[in-house]
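Student: here's a sequence, model it:
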Amino acid sequence: QVQLLESGGGLVQPGGSLKLSCAASGLAFSSYTMKWFRQAPGKEREWVATIDTIDRMKLYTDSVKGRFTIARDNVEKTVALQMNNLKPEDTAVYYCNARGPGATIYWGQGTQVTVSS
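Tutor: Alright, predicted model coming up:
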């Protein structure tokens, strides 16, 4: 059974940092492009960042460029999202997403990030 388990969310003040982690099991992790999405209250889920299977290509939505960094460890089967200089508008539930062969897609259950003073 495939499982993506996010962790690392919490409450942080504006300007602070958090590191999210997603641990994968039950899939050939190194064959999957990994993504982070987020969904704020009352808004649609939006894409945040992507990392390819061999850690060569990283893409970010404009609003997080220069502040967020995505990274993966194919041995540990994890993908992380380092978030720096957090802003209130970054408040959302953050989801890990795996996209693999045959357009297979898996989602994690999400972790809450709240940026507030």
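Student: confidence score at the spatially most central residue of the chain?
Tutor: The chain has residue 36 as the residue nearest its centroid, 3.0 Å off, counting by CA atoms, centre = their mean. Per-residue pLDDT puts residue 36 at 98.
Student: now swap in the one 4 residues further on and tell me
Tutor: The model reports residue 40 with a pLDDT of 97.
Student: what residues are up against the residue nearest to it when sequence neighbours are not counted?
Tutor: Nearest non-adjacent residue to residue 40, counting by CB to CB, 6 or more residues apart in numbering: residue 92, 4.2 Å away. Backbone N, C-alpha and C define where each C-beta goes, glycine included. By CB atoms under 8 Å, 6 or more residues apart in numbering, the contact set of residue 92 is 38, 39, 40, 41, 43, 112, 113.
Student: next step: these restricted to helices.
Tutor: The helices, defined by DSSP state H, take in nothing from the contacts of residue 92.
Student: nearest to residue 55, of those residues?
Tutor: Set against residue 55, the nearest of these by CB to CB is residue 38 (21.6 Å).
Student: what's the nearest residue to the closest one if we skip its chain neighbours?
Tutor: residue 92 (3.8 Å).
Student: same thing with residue 37?
Tutor: residue 95 (4.6 Å).
Student: now do that neighbour against residue 117, distance only.
Tutor: 25 Å (CB to CB, to the nearest Å).
Student: wait, residue 26 sits on residue 2?
Tutor: Yes: judged on CB atoms under 8 Å, residue 26 makes contact with residue 2 at a distance of 4.1 Å.
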